[in-house]
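Engineer: mind looking at a prediction? Sequence and model below.
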Amino acid sequence: MTENLPLPTRIRSWLSERGARFWATTLTVSAVGALFAGSQIARSFDQSVNWYTGFGQWLGALGSFAAAGVALWISVSDRRYNMADRARVERQRETDLQRRAGLVQVTAEMLGRREAVGPSFPAASVGIRNRRPDRIFDIEIVEFIHRGEATNLDIDMVNGFAVFPRRPEHEARFPMKAELRGIALTSDEMLVLYQPDHMPGTPADFVAVEYTDSFGSRWRVATDRSVTRI
């Protein structure tokens, strides 16, 4: 509440709230008013206006300095505001990129696994679903916590994988694990990585995955929906 502030503080606050346009207009009007009033006074008393001419020159010089100062202040203010705008745009862009990166969803759950003979059965798995409109690739498991313990689960250690919807090249055979390193997920595809047989048949507590998007950015996403640029 400005009413409770001391008078000098209120005056300084009022002066600082006025913009450059206000002060430029005020200075111009004041200078013109002073010249007009001085000329009228000199005429009414039949005085020489030679001194007034000199005064006008000084006043014009001071006005030029004031105008230059106002122009400098405006340019500095504009630069500061432009930098703030660029920073705000960059923050918004990073937020948008993180929101898009979060469209890659990681889950640890029981998912169907197909065998060579017989029906599919539920198996402890890591699911990576790409909801982005672009492809993702260079997919890696970087953190895997199972029953409270961190376990090294490299992508080459998983017990097979599947891509849903099933790809035509995988229909007549089981995809080889060697294909994982070069796999890329298109939009609305889901990669399922099956846990090794030596692990307990329950899903992990926490899984973090890194991937590269089609723009070359590297992201880390996890089952807790956290998103981090690498």
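Structural biologist: Sure, I can see it. Fair warning: this is a prediction, and the values are worked out from it, not measured in the lab.

Engineer: where does this protein have its least confident helix or strand?
Structural biologist: helix 7-17 (a mean of 60; mean pLDDT, DSSP states H and E).

Engineer: please report how far residue 226 lies from residue 33.
Structural biologist: 65 Å (Cβ to Cβ, to the nearest Å). For glycine as for every other residue, the C-beta is placed from the backbone atoms N, C-alpha and C.

Engineer: burial of residue 44, as a residue count?
Structural biologist: By other Cβ atoms under 10 Å, 8 other residues sit near residue 44.

Engineer: so how far is residue 37 from it?
Structural biologist: The value you get for residue 44 to residue 37, if Cβ to Cβ is used, is 11 Å.

Engineer: which stretches in this protein count as helices?
Structural biologist: With DSSP state H as the criterion, the chain has helices at 7-17, 20-44, 50-101, 168-171.

Engineer: pLDDT score assigned to the closest residue to residue 125 other than its chain neighbours?
Structural biologist: When the adjacent residues along the chain are set aside, residue 125 lies closest to residue 111, with 4.2 Å between them (Cβ to Cβ, 6 or more residues apart in numbering). pLDDT for residue 111: 92.

Engineer: do the same with residue 159
Structural biologist: pLDDT, read off for residue 159, is 87.

Engineer: residue 99 now?
Structural biologist: So, for residue 99, pLDDT stands at 95.

Engineer: what about stretch 164-182, start to end distance?
Structural biologist: End-to-end distance of stretch 164-182 (Cα to Cα, to the nearest Å): 17 Å.

Engineer: now that stretch: mean pLDDT?
Structural biologist: On average, stretch 164-182 scores 70.

Engineer: what's around residue 98, how many residues?
Structural biologist: Around residue 98 there are 13 residues (other Cβ under 10 Å).
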